[in-house]
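Participant: here's a sequence, model it:
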Amino acid sequence: MADPAVSVSPYWELTFDADGDVDGRERDRLLAEVPRRTVRDLIVFAHGWNNDRSGATRLYSQFFAPVPGLAPHARLGYVGVVWPSMRFSDEPIPDFPRSVAAAVPADLPAAARTALDKDTRRALLEVFPGRATIVEQIARLLDEQPDDGASLEEFGRLVRLLVEVPPQGPQAAFAADTLAQGAPQGDPAMLFGDTVTVCGEFAEALAGMTAPGETFTLPRPWDGARELLRQATYYAMKRRAGTVGERGLGRTLGQLASAAPGVRVHLVGHSFGGRLVSFALRGLPEGVRTVKSVTLLQGAFSHYAFAARLPGDPGASGALHGLQSRVDGPVVCCYSHFDTALGTIYPLASRMADDDRSVLGVDLGPGHLLGARWGAMGHDGVQAVEGTKTFTLADALRAKLPVSGCVNVDACAVVNRGGPPSGAHSDICHRELAQVVLAAGRVQ
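Facilitator: Numbers count the residues shown, from 1 in each chain. A predicted model of the protein is given here:
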């Protein structure tokens, strides 16, 4: 039975907690009803940063809306994955109501722009339960912005406390996108470096992303403090996405394969949801071949995640290297250079503690050394994977996509709307991208 708020039917939801544990009633309903509804192709979509269930449902409803008309003869079913993540309220989402994607007015003074608004504060409290005191201390420092380095260092300490997880807990093992000599990467430099320097670098990067009509002002370290909080929070979400994917969704897909072995599963993930569905491949039980396609929309994880070797570092590999072979079909990565969240800020936030190169005043584009090493799937596609094919969006929709391996699709023809700080990162609800999902899965 479809949720009345969703544009398609049959539709189910799967809710996971931060450690990847699934809502048992929702899982059991899915396992019982998918065979009964004679579903042949099941599209499973995982959102990225998002504040609540209603926002996720709205995204799924809007993205799925054109699918029935594109495949009128297919026996389709739809699943929306709901997992605990968050979005800062100043990030625009094209075509969503202002209450869902509130923009920051251009004429606000700098201090007001970097303060913690009530919606973001509420989201932090919900996504990091039990840490209300830390959130309030962070909010106070962002409001007051004391003019001394010690206060910024205290801010950095509080941010680290906010996002830390128990070292022996399930989430600790899921942060890395790449491995060095078989061991996971360490934490990013932004969590361990000098906070004044880190915030200064973020402030410099943000100053280069000024929207049309805004007046340029000389950046201050406090201008980058909110961005440090944002990126540290998103680092925690990235870690959580891997946990939910492998420990939660992957196992559930294995159970679904037993309950409905004839169902063809098509995984779709936006932003960190792309990481979630990719790590689900690592959690699939041995021998399960029901996943027929994976489509990544502006994936917010390393473009080397599937690589057997990293360029210039033969001892390092992607955390998911070779796992594209667990898909009985292609892994399709849609990317856009208009995604400034992934093209500019992501490489800076992902840089490891042992990389001491400064990014102040340099180009963070995909050709730059820092950008290449720490680049994201959603900015320039899968990298360093032998046999990867690349298409424009028009060519991908005209031609037959490869039936296996990694495939890049430059989607900038439609993924191109959105202002600072995230650019077109959330501009994904397009008929053409729904067509890519169906083409990847060979859905008739």
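Participant: Gln62 and Ala5 touch, don't they?
Facilitator: No. Gln62 is beyond contact range of Ala5, at 11.2 Å (criterion: Cβ atoms under 8 Å). C-betas here are computed from N, CA, C, even on glycine.
Participant: more crowded one of the two?
Facilitator: Neighbours of Gln62 and Ala5, each counted by other Cβ atoms under 10 Å, are more numerous for Gln62; the result is 16 against 12.
Participant: for the closest residue to that one other than its chain neighbours, grab the count of nearby residues.
Facilitator: Closest residue in space to Gln62, ignoring its immediate chain neighbours: Cys429 at 4.5 Å, by Cβ to Cβ, 6 or more residues apart in numbering. For Cys429, the neighbour count with other Cβ under 10 Å is 23.
Participant: contacting residues for Asp339?
Facilitator: Asp339 sits next to 298, 378-379, 415, 422-425 when contact means Cβ atoms under 8 Å, 6 or more residues apart in numbering.
Participant: again, 6 Å this time
Facilitator: Counting by Cβ atoms under 6 Å, 6 or more residues apart in numbering, Asp339 touches 298, 378-379, 423-425.
Participant: now do Val268
Facilitator: Contacts of Val268 (Cβ under 6 Å, 6+ apart): 45, 295, 437.
Participant: which other residues reach stretch 309-325?
Facilitator: Residues from elsewhere that reach stretch 309-325, judged by Cβ under 6 Å, 6+ apart: 176-181, 278, 281-282, 304-308, 331, 384, 406.
Participant: same question but for stretch 19-38, I mixed them up
Facilitator: So stretch 19-38 is contacted by 10, 12-16, 75, 170, 243-244, 247-248, 252, 259-260, 263 (Cβ under 6 Å, 6+ apart).
Participant: now do 8 Å
Facilitator: Applying Cβ under 8 Å, 6+ apart, the contact partners of stretch 19-38 are 10, 12-16, 42, 75, 77, 79, 169-171, 243-249, 251-252, 255-256, 259-260, 263.
Participant: in that stretch, what's buried?
Facilitator: 20, 22, 26-27, 30-31, 33-34, 37 (16 or more other Cβ atoms under 10 Å).
Participant: what of stretch 308-323?
Facilitator: 309-310, 316-321, 323.
Participant: the strands in the stretch 251-400 of the chain, which residues?
Facilitator: Ranges of strands in the stretch 251-400 of the chain, per DSSP state E, counting those that start in this stretch, are 264-270, 291-297, 316-318, 330-335, 389-392.
Participant: same question for the stretch 1-150 of the chain.
Facilitator: For the stretch 1-150 of the chain, applying DSSP E, counting those that start in this stretch gives strands covering 11-15, 41-46, 76-82.
Participant: so which of these comes closest to Gly269?
Facilitator: Among the strands of the stretch 1-150 of the chain, strand 41-46 comes nearest to Gly269, with 4.5 Å by Cβ to Cβ.
Participant: chain center to that closest one: distance?
Facilitator: 16 Å (Cα atoms, centre = their mean, to the nearest Å).
Participant: got a list of contacts for it?
Facilitator: Residues outside strand 41-46 that contact it (Cβ under 8 Å, 6+ apart): 14, 34, 59-60, 63-64, 67, 71, 74-81, 83, 241, 245, 249, 253, 256, 263-270, 273-274, 276-277, 292, 437, 441, 443.
Participant: write the ChimeraX selection for whichever of those are buried.
Facilitator: Burial among those is assessed by 16+ other Cβ under 10 Å; the matching ChimeraX selection reads:
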select :14,34,59,60,63,64,67,71,74,76,77,78,79,80,81,83,241,245,249,253,256,263,264,265,266,267,268,269,270,273,274,276,277,292,437,441,443
